[in-house]
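Trainee: Return atomic coordinates for the entry below.
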Amino acid sequence: MSLFITVLAYVLFGYKITAEKVFVITAYYNSLRTTMTVFFPQGITQVAEAMVSIRRLQKFLMYDELTPSKIETKKNNTENNQKENNDVIVQPSCVEHSICIENGTAKWLDYEREDTLQGINIKVRPGELIAVVGQVGMGKSSLLNVILKELRLQEGSIQVNGKIAYASQEPWLFAGSVRQNILFGRKMDQVRYDRVTKVCQLKKDFSLLPYGDKTIVGERGISLSGGQRARINLARAVYADADIFLMDDPLSAVDAHVGKHMFDECIDKYLRGKTRILVTHQLQYLRDVNRIIVLKDGTIQAEGTYDELGSMGVDFGRLLENQTKTDEKSSHPSSAPVSRSNSRTASISSLSSFMTNDTSKQEPDEVAETRTVGTVSGEVYTSYLRAGGNWCVISIVTMLCILTQLAASGGDFFLAQWVNIEEHYMNQTDDGVVEDSRSPLTRMQCIYIFSGLTVLTICITLIRSWAFFWTCMRASMRLHDHMFRSISRATMRFFNTNTSGRVLNRFSKDVGAVDEMLPTALIDCLQIGLALLGIIVVVAIANTWLLIPTTLVGIVFYYLRIFYLATSRSVKRLEGITRSPVFAHLSATLQGLPTIRAFGAEAILTKEFDNHQDLHSSAWYIFIASSRAFGFWLDVFCVLYIMLVTLSFLVLDNYSRGSMDGGFVGLAITQSIGLTGMFQWGMRQSAELENQMTSVERILEYSKVDSEPSLESAPDKKPKSEWPQKGKIEFKNVFLRYAPLQPPVLRNLCFVVLPQEKIGIVGRTGAGKSSLIQALFRLADMDGLIEIDAIDTSQIGLHDLRCKISIIPQEPFLFSGSLRRNLDPFDLYPDEPLWRALEEVELKEIGLEAHINEGGSNLSVGQRQLVCLARAIVRNNPILVLDEATANVDPRTDELIQTTIRKKFEKCTVLTIAHRLNTVMDSDRILVMDAGNAVEFDHPHILLQKESGYLKSMVQETGMAMAEALAGVARNCYQNRGFMAL
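Mentor: Coordinates of the predicted model:
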């Protein structure tokens with residue numbers, strides 16, 4: 001457009017156009033056009049994006065630091081206790097204490113109306129064992145967070161004298177080995193390590209795990225049970241050999257006798273002499289602690305020894321009796337399912353460098369992220385084009401690209417023809433009169449034709465650009481949606497063998513490349529490819545001999561491209577692979593920030609992040625360096641080509657004695673200069689296109705992961721809307737495995753659950769209790785038959801099956817959003833049943849519109865369990881599954897959950913997986929699992945009559961008193977219900 005306006009104005013002002021004027025201007029505009037229309041706007045865009053990023057980083061960096069000015073951490077010795085920081089006023093009364101909180105008031109969010117903690121006054125002497133108890137949501141974990149400096153004091157002061165070790169309520173494990181998680185970057189002391197793992201009851205687990213303590217735990221410890229994760233989490237704190245130990249309910253996830261050994265041998269004996277604060281719901285241990293702090297509504301309701309609180313009227317008797325039934329009756333040892341072999345082997349460890357002294361040939365191989373080698377296949381290009389539209393759409397876009405180039409080349413060629421006409425008449429007349437009866441075109445006709453070609457080029461270019469980028473946007477959206485649907489339908493094995501960092505990598509970097517960089521590279525390749533054809537045709541018309549150097553340069557560029565791509569393509573794939581550990585490391589770090597800060601491991605984690613980032617940056621800079629080297633050699637051959645073109649015209653002009661048309665010579669030279677630039681940029685962009693196509697390749701890889709069976713039932717197989725009416729469940733010869741080549745974890749399972757029965761499921765380590773539930777929900781490969789109300793569940797859609805079964809998991813999961821969305825995410829129910837459900841679980845005061853943070857982080861673990869229970873009440877399904885839903889709640893909440901289940905699900909079939917026998921001893925029947933087999937299935941009272949029965953041996957392991965109590969519960973239930981053995 002700029003060239004058109006310049007030439008048109010020049011002619012209309014009465015000047016005569018010549019080749020030397022027109023094509024010098026053309027060359028100038030070509031150089032200026034790239035700078036002003038490509039690089040300058042791109043620079044403005046990148047500066048704007050950089051400013052946005054800088055502002056976001058600045059906002060983040062300006063957030064308040066965690067360490068408040070009112071908190072001081074000192075080493076626990078006399079010398080340091082005598083020193084004072086000038087910025088902190090240390091109360092004299094606090095100097096002799098490990099922890100001293102005076103008038104502490106705190107809340108998590110400034111806009112909250114009520115304080116989380118109010119008027120807290122605590123003084124903990126060195127060597128004391130303090131127990132913190134209270135109901136759900138009373139502020140027990142918040143108190144530990146104040147000591148850890150994770151929760152800032154609004155009022156009051158706190159002093160901590162000594163090094164802290166912390167065992168969180170929700171165990172945090174990173175994707176490394178068991179030993180790595182315990183050592184946590186510290187040096188290996190074999191004697192201390194053996195003692196710690198022994199007192200934390202991990203020795204037996206090491207003998208059961210396939211690689212002992214070198215077994216990879218997976219991301220967030222996915223290959224371990226809740227009990228194993230809790231014990232490893234505690235072992236990490238104990239191994240740290242700190243001065244102060246903060247333990248947030250570490251005994252809830254383990255069996256009673258294991259918990260007793262852990263308390264007696266680890267917390268009470270091994271850590272004796274250390275300052276210990278234990279948050280617990282296990283009230284039977286309160287007699288053995290130095291002091292007890294009872295929290296209620298964020299305040300200290302009572303404080304003192306067990307006897308002192310008893311004399312003050314604190315009713316531990318009822319709670320302790322309830323808890324005795326809850327915990328000390330619990331059965332089997334070590335709640336530690338064996339790692340499910342390679343089907344749950346962890347992926348790339350994001351914190352692998354913690355294992356500095358732990359290398360061994362006995363270690364399991366980690367599942368590496370797949371990386372394609374060789375050229376990008378044509379199927380990848382075809383899949384991308386098909387995602388943009390059908391072949392009709394692709395043909396239209398291609399035709400528009402061709403028409404755009406024809407119009408542009410036609411305009412250039414006509415301009416050269418116009419210059420030749422002008423020069424022809426200037427050479428024949430002295431007065432410069434252009435009009436001639438023999439002239440095919442007049443000056444005005446030339447202006448009109450040139451104007452028409454220019455306008456046509458602009459219009460077609462706009463249409464082409466809109467159609468092209470609309471197609472690319474559509475392709476990107478479809479690829480993203482296809483990958484998202486594929487991931488959301490993927491089997492559980494996929495998530496067990498792929499870290500969240502890998503998935504985030506595909507959805508962030510790869511999708512971003514397809515959104516932004518790939519369309520630019522593709523349009524450049526199409527545009528430049530067609531422009532090159534047009535230029536070659538024009539140059540050939542001007543000088544046929546120029547086809548020889550043009551062909552040679554094309555061949556050289558082609559082989560340079562092949563040589564470059566062999567390196568850059570592999571480096572680009574490597575760059576994508578090395579990015580995944582960065583995401584995985586960030587994800588793991590964010591999940592475990594309180595633990596990391598408590599152990600003072602920030603420097604270690606930062607160094608580890610730097611290692612991952614350096615590895616990724618090295619791959620990225622190798623890619624950039626190879627691109628620059630490719631560009632350098634392209635420049636060299638471009639200069640040689642321009643030299644050959646210019647010399648050819650000098651030689652041919654002398655040979656033809658000046659008979660060559662100046663317009664065609666100028667056109668050929670300017671087009672050749674443009675040709676070299678296009679050749680160079682085209683080679684770069686074609687290589688960049690293939691490099692970016694690796695992102696499409698990676699997206700397509702995740703779009704083809706193994707999928708679960710169909711969500712919807714076939715029309716002739718779809719069950720009735722009221723199914724299941726009775727809730728009868730029948731397993732027939734069921735085998736289940738977590739991978740096609742793995743041995744089955746359920747073997748020939750056969751049993752029948754009658755309608756409205758309450759079934760307890762128990763078993764020793766690795767018995768297959770959780771696997772049975774996975775078979776019921778069809779979460780893994782299964783052979784055999786499972787029928788619900790005489791309907792084969794394998795023949796119906798997963799939606800029809802799973803929406804009819806409610807589950808309350810051991811680790812509750814909540815979505816970010818309102819409480820209403822968590823209870824009824826699909827808006828299927830009116831407000832009335834939602835309010836009733838909240839009232840049933842005593843959460844009505846929270847309100848339906850209360851905001852829930854991601855994962856329910858602003859609720860206590862017990863409150864999250866109650867939300868899951870409310871969700872089950874709302875759905876009111878005839879089948880309910882409980883996976884030790886009361887392990888991490890206080891006795892009162894446990895009683896509330898059990899009472900609510902008995903009342904609201906009285907006419908439902910209930911399956912309860914039990915790590916603690918008390919929760920199932922009043923069941924109609926108990927299913928005892930062992931090594932994937934159903935070895936016993938009857939009323940607990942009948943099973944206890946068998947001299948060598950599995951259940952009886954499990955009950956006897958709890959001790960004589962507890963065994964008698966459990967037997968009494970089973971006997972009473974048997975007599976009261978008039979149960980008849982099946």
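
Trainee: Quick check: Lys844 is in a strand.
Mentor: No. Looking at Lys844 with DSSP: H, G, I helix; E, B strand; the rest coil, it is coil, so not inside a strand.

Trainee: list the contacts for the closest residue to it other than its chain neighbours?
Mentor: Take Lys844 and drop its neighbours on the chain: the residue closest to it by Cβ to Cβ, 6 or more residues apart in numbering is Leu838, 4.5 Å away. Quick note: C-beta positions are derived from backbone N, CA and C, even for glycine. Contact partners of Leu838, counting by Cβ atoms under 8 Å, 6 or more residues apart in numbering, are 819, 823, 844, 846, 848, 870.

Trainee: mind checking pLDDT for Leu838?
Mentor: Confidence at Leu838, expressed as pLDDT, is 90.

Trainee: Tell me the spacing between it and Leu647.
Mentor: 88 Å (Cβ to Cβ, to the nearest Å).

Trainee: What of Ile791?
Mentor: Ile791 is 86 Å from Leu647, by Cβ to Cβ.

Trainee: more crowded one of those two?
Mentor: For Ile791 and Leu647, the more surrounded residue by other Cβ atoms under 10 Å is Ile791, and the numbers stand at 18 against 11.

Trainee: secondary structure class for the closest residue to the more buried one other than its chain neighbours?
Mentor: Distances taken as Cβ to Cβ, 6+ apart place Pro719 nearest to Ile791, at 5.6 Å, with adjacent residues excluded. Judged by three-state DSSP, the three-state class of Pro719 is coil.

Trainee: give me every residue that touches Pro719.
Mentor: Taking Cβ under 8 Å, 6+ apart, we find Pro719 in contact with 713, 791, 796, 800.

Trainee: Surely Thr919 touches Ile913?
Mentor: No. Judged on Cβ atoms under 8 Å, Thr919 makes no contact with Ile913 at a distance of 9.2 Å.

Trainee: between these two, what contacts are shared?
Mentor: With Cβ under 8 Å, 6+ apart, Thr919 and Ile913 have common neighbours Glu884.

Trainee: Next, work out how far apart the spatially most central residue of the chain and Ala965 are.
Mentor: With distances taken as Cα atoms, centre = their mean, the residue of the chain nearest its centroid is Ser500 (3.4 Å). Ser500 is 44 Å from Ala965, where distance means Cβ to Cβ.

Trainee: residue contacts, the closest residue to Gly273 other than its chain neighbours?
Mentor: Leaving aside its chain neighbours, Gly273 sits nearest to Gly127 (5.2 Å; criterion: Cβ to Cβ, 6+ apart). Gly127 sits next to 272-275 when contact means Cβ under 8 Å, 6+ apart.

Trainee: how near is His97 to Leu129?
Mentor: From His97 across to Leu129, the span is 15 Å (Cβ to Cβ).

Trainee: Likewise for Leu927?
Mentor: Here Leu927 is placed at a distance of 40 Å from Leu129 (Cβ to Cβ).

Trainee: Name the residue in these two with the higher neighbour count.
Mentor: Using other Cβ under 10 Å as the criterion, Leu927 and Leu129 rank with Leu927 on top: 26 against 21.

Trainee: and the helix or strand harbouring that one, what does it pack onto?
Mentor: With elements taken from DSSP states H and E, the one containing Leu927 is strand 925-930. Secondary-structure packing of strand 925-930 (3 or more Cβ pairs under 8 Å, 6 or more residues apart in numbering; DSSP states H and E): strand 758-763, helix 769-777, strand 933-938, helix 940-943, helix 950-956.

Trainee: 10 Å instead?
Mentor: Helices and strands touching strand 925-930, as assessed by 3 or more Cβ pairs under 10 Å, 6 or more residues apart in numbering; DSSP states H and E, comprise strand 746-753, strand 758-763, helix 769-777, strand 909-913, strand 933-938, helix 940-943, helix 950-956.

Trainee: For the residue lying closest to Gln945 once chain neighbours are set aside, the count of nearby residues, please.
Mentor: Leaving aside its sequence neighbours, Gln945 sits nearest to Lys952 (Cβ to Cβ, 6+ apart; 8.0 Å). When counting by other Cβ under 10 Å, one arrives at 19 neighbours for Lys952.

Trainee: I figured Lys952 hits Asp938, correct?
Mentor: No. Lys952 lies out of contact with Asp938 (Cβ atoms under 10 Å); the separation is 11.8 Å.

Trainee: hey, what's in contact with both of those two?
Mentor: Jointly contacting Lys952 and Asp938 under the rule Cβ atoms under 10 Å, 6 or more residues apart in numbering are 928, 944-946.

Trainee: List only buried entries from the residues you listed.
Mentor: Listed as buried from the shared contacts of Lys952 and Asp938 are 928, 944; burial here means 16 or more other Cβ atoms under 10 Å.

Trainee: still on that earlier bit, can you tell which of the helices and strands packed on strand 925-930 is closest to Gly452?
Mentor: With Cβ to Cβ as the criterion, Gly452 lies closest to helix 769-777 of the helices and strands packed on strand 925-930, at 68.7 Å.
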